[in-house]
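Enquirer: Next input, structure requested:
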Amino acid sequence: MDNYKDVPPSTEKLTRRVILQSSAALAALLVFSPSLLAASSESSEFLQISQFLTCRPNLNPTIAARAYAALAAEDSGFAEKLRHLHDAIQQDNFTDMSQFGDFVTRHPDLQPIAMKIISAWYLGYTGTPSMNILQDDTQFISYEHALMYEPTHDATVIPSFSRGRTNYWVNPPSSLATD
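Expert: Residues are numbered from 1 along each chain as shown. A predicted model of the protein is given here:
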């Protein structure tokens, strides 16, 4: 065992001691930070509901965590409303967004939370932007991953992202396919 002292850290072998130390550190982190574990499961549930509501099975988990944090910051009861939405979806066997109108007719209290989730994904922000005041409740989530850009992604430049060099827009494209 003393031979390991001379081994550079990049080639250190995995030993029982390293595994035990790592396990103890992880256990301590989970014991002293239960909110981290709860936030992780809530964020996972949020991603699952988001995938269902947007009909997109491959949503970015990092963007989902941002959206969840922004929506939870905006509404202190968001986690409870999310659980209520999840339970209602399960109980009603709501499996297809073409049934959304019927679902919200039975659960009108859940429509606002569902629409907030869908809006966050499509717009890339939460809250209501206002041009007339210095502060508003808008929280940025993502430009690039906002779902509203998907239908015209081949022809629309996402705000704040340039597809070409400086002043690329001066000359018209030869075609949309080569733009």
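Enquirer: if you go through this structure in chain order, where are the strands?
Expert: Taking DSSP state E, the strands of the chain run over residues 125-126, 139-140.
Enquirer: Same list (these) but as CSV, adding mean neighbour count, distance to I118 and mean pLDDT.
Expert: (C-beta placed from N, C-alpha, C; glycine too.) Shown next, in CSV, are the strands of the chain (neighbours: other C-beta atoms under 10 Å; distance: least, C-beta to C-beta, whole Å; pLDDT from 0 to 100):
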stretch, mean neighbour count, distance to I118, mean pLDDT
strand 125-126, 21, 11, 92
strand 139-140, 14, 16, 89
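Enquirer: As JSON lines, those with distance to Y149 would be great.
Expert: Shown next, in JSON lines, are the strands of the chain (distance: least, C-beta to C-beta, whole Å):
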{"stretch": "strand 125-126", "distance to Y149": "13"}
{"stretch": "strand 139-140", "distance to Y149": "15"}
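Enquirer: contacting residues for A120?
Expert: A120 makes contact with A67, A70, L71, T126, I141, according to C-beta atoms under 8 Å, 6 or more residues apart in numbering.
Enquirer: before we move on, what about N60?
Expert: N60 neighbours (C-beta under 8 Å, 6+ apart): S142, H145.
Enquirer: Can you check the pLDDT for it?
Expert: pLDDT recorded at N60 is 93.
Enquirer: how much space between it and T128?
Expert: 24 Å (C-beta to C-beta, to the nearest Å).
Enquirer: before we move on, back to that, just the closest of the contacts of A120 to D102, please.
Expert: When the contacts of A120 are compared for distance to D102 (C-beta to C-beta), L71 wins out at 24.7 Å.
Enquirer: sorry, back to before: taking the contacts of A120 together, which two end up most distant?
Expert: Applying C-beta to C-beta across the contacts of A120, the maximum distance is between L71 and I141, 9.2 Å.
Enquirer: need the contact list for the closest residue to K81 other than its chain neighbours.
Expert: Of all residues not flanking K81 in the chain, I113 sits nearest, at 4.5 Å (C-beta to C-beta, 6 or more residues apart in numbering). If you count contacts by C-beta under 8 Å, 6+ apart, I113 has them with F78, K81, L82, H84, L85.
Enquirer: Nothing else from me, thank you.
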